[in-house]
Structures are given as structure tokens and as C-alpha cells.
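Novice: One predicted model, sequence on top.
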Amino acid sequence: MSTPPIRLRDSSSIEACGFVTYVMSFPIGVAYLCWAILPDEYLHSLGITYYPSKQVAIHMPAYILGLFVAIPLLYSGVNMIISPTICSLSNIHDEYSNVANVDLNQLKSIHRSAVDPNIDESSVGKICDIDVEVINRLIYQRRKIRQD
């Protein structure tokens, strides 16, 4: 019995960029540590004379740690700004809503047919949203009838 040949899939550019970033992070990290730890005289003897101040070696990790705190806070803040308020009707209806034109009597008959096992399944229509006002009328009218 022969095994089917393994099909190699093409790597995407995102995977390639991720791999290159992973591989390059080690030499960059070693160069950063050498620059931060080694004295200036040793770097000059290696022929490295143009480099940032040693204070940047302290500032960079502080900025990176600050970004770990700031990015989630900024992301949450932007999401809060662009989302509609809690009392906005756009939380209920948007451009993708498929609202059915159903009145209360139709909804009561649909509810009765959903409970009745003798109803044919082919009678179920397309999936759509039912307006919140219709649902509230159905719920609260029942409560009113039960209380009487």
C-alpha cells in the first residue's frame, strides 16, 4: 500500500515576515545587549563609533513596557468611542438587519405553531429579525393577561 504524496502548501507573506522577524530578533537582541553593557572604549576598539547614547538603552525598555500598558487601554478607548451609546437604535437595527413585517396576531399564531408538533416543517419561512416592539408587546400583554 502506497501513501499519497504530501502536498506542500505555499507559505504566505505573513508567515515569511513572521519567520524573518523571529530569526532576526535574536541577533538584534544580542547587539542591543552588547551595546548596552559593553563600555564605549571597547566599542571604539571594534570600530563602532556611531551609536546612540547609553541612556537610550534604559529608555527603550521603559517605552516598550509603557506600550504594553497603553495599547490595550487605547484599543479599549477607541472601541468605546466608535461604538453607539446603549440607548441608540443602531444597537438593534443596522444595515444588515432583515426585519420581518409581523404584527402581533401573526406572531401569536407562529408561537402556537412552534409549540404544536403537528405543524409541517416546510411552513417555516426565511429567517429574519422580529422587531423589538412586537416582542415586547407579546411578552407584556401576556403578563397583563396573567395578572388579571
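Specialist: Everything's here; your move. Numbers count the residues shown, from 1 in each chain.

Novice: residue with max distance from the center of this protein?
Specialist: Relative to the centre of the chain, the most outlying C-alpha is that of residue 45, 50.6 Å out, by Cα atoms, centre = their mean.

Novice: and it, what are its phi and psi?
Specialist: When read as degrees, to the nearest 10, the backbone of residue 45 gives phi -70, psi -20.

Novice: How about the one 5 residues further on?
Specialist: Geometry field for residue 50 lists phi and psi as phi -110, psi 100, criterion degrees, to the nearest 10.

Novice: try residue 93
Specialist: Dihedral angles for residue 93 - degrees, to the nearest 10 - are phi -120, psi 140.

Novice: Neighbours of it, how many?
Specialist: 12 (other Cβ atoms under 10 Å). All C-beta spots, glycine's among them, are computed from the backbone N, C-alpha and C.

Novice: Provide a list of residues in contact with it.
Specialist: By Cβ atoms under 8 Å, 6 or more residues apart in numbering, residue 93 lies in contact with 99, 129.

Novice: what separates it from residue 56, distance-wise?
Specialist: The gap separating residue 93 from residue 56 is 53 Å, by Cβ to Cβ, to the nearest Å.

Novice: Ok, residue 33 next?
Specialist: 13 Å.

Novice: Over to residue 67?
Specialist: Applying Cβ to Cβ to residue 67 and residue 56 gives a distance of 16 Å.

Novice: same thing with residue 74?
Specialist: Applying Cβ to Cβ to residue 74 and residue 56 gives a distance of 24 Å.

Novice: Residue 69 now?
Specialist: For residue 69 relative to residue 56 (Cβ to Cβ), the value is 20 Å.

Novice: Point out the other elements, helices or strands, that the helix or strand where residue 56 lies touches.
Specialist: Using DSSP states H and E, residue 56 falls within helix 55-82. Helix 55-82 is packed against helix 13-37, with contacts defined by 3 or more Cβ pairs under 8 Å, 6 or more residues apart in numbering; DSSP states H and E.

Novice: Give me the residues contacting the helix it packs on.
Specialist: 43, 51, 54, 57, 60.
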